[in-house]
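In: build me a structure from this.
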Amino acid sequence: MMTTDEMTDLFRIGVQAADPVQAVQDSLRAAPLPDAARLFVLGLGKAACAMTRAALAVLPAPAGALVVTNYENAAAVAGAEVMAAGHPVPDENGLRAALAAEAMLAQAGAEDRVLVLVSGGGSALLPAPVDGLSLHDKAEVNRVLLAGGMDIVAMNAVRQHLSRLKGGGLLRAAQPAPVTALILSDVIGDDLRAIASGPTVAPIAPRAHVVEMLRASGMWDRLPEAAQAALQRPEEDLPAIGAENRLIGSNRQSLEAMAQARPEAQILSTALVGDVADAAEVIVRTAQDAPCPLALFGGETTVTLSGTGLGGRNQDLALRVAIALDGHDGWRFLSAGTDGRDGPTEAAGAIVDGESCARIRAAGGDPAALLADNDSNRALALAGDLLVTGGTGTNVADLQILSLAR
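Out: Numbers count the residues shown, from 1 in each chain. Here you go, the predicted model:
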């Protein structure tokens, strides 16, 4: 059975496989951008600093370059303006960044080219509310969707119709300039419409479908009235839009790199998604059936909040597995976000084993009660099981490792 250090090292191999610097430069060298009078560069998402830095190292000096990322990953990028904003809940700095992006794109003409570098997190980082909607309204929509356990694709289908820049809106802002987008996927299945809410692709679904989905899920009545009004407006007659979209990194590629690093490893799922309780059952069944000594999973689960505690989907998943396999020997499980941050915490996730719950109880905690209060962060901190990596500069969803004694 792998040690915690070995599991951490294997997780880092997965993260390294999604290295945005290498991915961007490989793409631009394999297929150089067409000649243009001027180049404008917009980096968007948790990996935006690294992606922009990589692009500027191999491209001519741009006429304008703007980077919008989350606070934790913000860093200086020579030749570009860097703006940090709130994630997962949009804030005023994100609104200022959106206005700056629109102002830069408005300068681009038909003889110019716009390069957009897209990574996960971009949806919340660049809020540009449609007319009649405030930033506070958009933030409230995000909170409702997150608390309701809505999956990322469905969330982005809603967000696209509440923003000027999502669902192809960035292309409209850049017209008539042609656009090339290099995309690092944090969405399982790599649907380009869902990554950062698809700024350079068509919307996921029409407004009528989004409204129907929200009503069916019971979230419609919890949305701000301004959001309800915006979603019920007639569908806009949008101009034809298009872009060259290149997928340059994904969760699957990270899993494959991890499997190559450990010959005994098997990728058992590339789509560990849906409710975190269901995902925990998958892990527990795998541990009990022991199909292989080292099982790898990738995905992005959802958590429905009912308590007042602190945590994230990976910590919640790890705690559920620890409770289900409490006292059983011969297993160790890691679940973590490749961006290095799980929910509104400093942890990327956790590494648990059969003694995790015993350690929590010894420290004065009740594992089940803490889970019921959505307080997985405190529970795992009591156990000493949190995995803290710091910001990684990339984001391709979550990775899970289950190591079994054979």
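
In: torsion angles phi and psi at the residue positioned nearest the centre of the chain?
Out: Nearest residue to the geometric centre of the chain (Cα atoms, centre = their mean): Gly120, 4.1 Å. In terms of degrees, to the nearest 10, the main-chain angles of Gly120 are phi -60, psi 150.

In: quick one: it and Leu184 touch, right?
Out: Yes. With contacts counted by Cβ atoms under 8 Å, Gly120 reaches Leu184, the gap being 7.1 Å. Backbone N, C-alpha and C define where each C-beta goes, glycine included.

In: sorry, back to before: can you give me the distance of the residue nearest to the centre of the chain to Arg38?
Out: Gly120 sits 29 Å away from Arg38, taking Cβ to Cβ, to the nearest Å as the criterion.

In: what's in contact with stretch 213-228?
Out: Residues from elsewhere that reach stretch 213-228 (Cβ atoms under 8 Å, 6 or more residues apart in numbering): 132-134, 136-138, 140-141, 144-145, 148, 150, 154, 157-158, 162, 205, 211, 231.

In: report the buried members of these.
Out: For the contacts of stretch 213-228, a neighbour count by 16 or more other Cβ atoms under 10 Å gives the buried set as 133, 137-138, 140-141, 144-145, 148, 150, 154, 157-158, 162, 205, 211, 231.

In: which two from those end up farthest apart in space?
Out: Pairwise distances across the buried ones among the contacts of stretch 213-228 peak at 21.2 Å for Glu140 and Ala205 (criterion: Cβ to Cβ).

In: neighbours of Ala381, how many?
Out: When counting by other Cβ atoms under 10 Å, one arrives at 19 neighbours for Ala381.

In: in a helix, it, correct?
Out: Yes. Remark: Ala381 belongs to a helix, assigned using DSSP: H, G, I helix; E, B strand; the rest coil.

In: so for it, what pLDDT did the model give?
Out: We have a pLDDT of 98 for Ala381.

In: ok, now how distant is it from Arg313?
Out: Ala381 is 17 Å from Arg313, by Cβ to Cβ.

In: from Leu223, how far off is Arg143?
Out: Counting by Cβ to Cβ - Arg143 and Leu223 are separated by 10 Å.

In: ok, those two, which is more surrounded?
Out: The neighbour comparison of Arg143 against Leu223 (other Cβ under 10 Å) goes to Leu223, with 21 against 14.

In: which residues of the protein score low on pLDDT?
Out: For the chain, residues meeting the criterion pLDDT under 70 lie at 237-241.

In: which residue is the nearest non-sequential neighbour of Arg359?
Out: Among residues not flanking Arg359 along the chain, Ala383 sits closest, at 4.1 Å (Cβ to Cβ, 6 or more residues apart in numbering).

In: that neighbour touches Asp353, doesn't it?
Out: No. In this structure, Ala383 is not within contact of Asp353 by Cβ under 8 Å, at 9.3 Å.

In: looking at these two, which one has more neighbours?
Out: Set Ala383 next to Asp353 and count neighbours by other Cβ under 10 Å: Ala383 wins out with 26 against 22.

In: so what's the more buried one up against?
Out: Ala383 neighbours (Cβ under 8 Å, 6+ apart): Ala322, Val352, Ser356, Cys357, Arg359, Ile360, Ala363.
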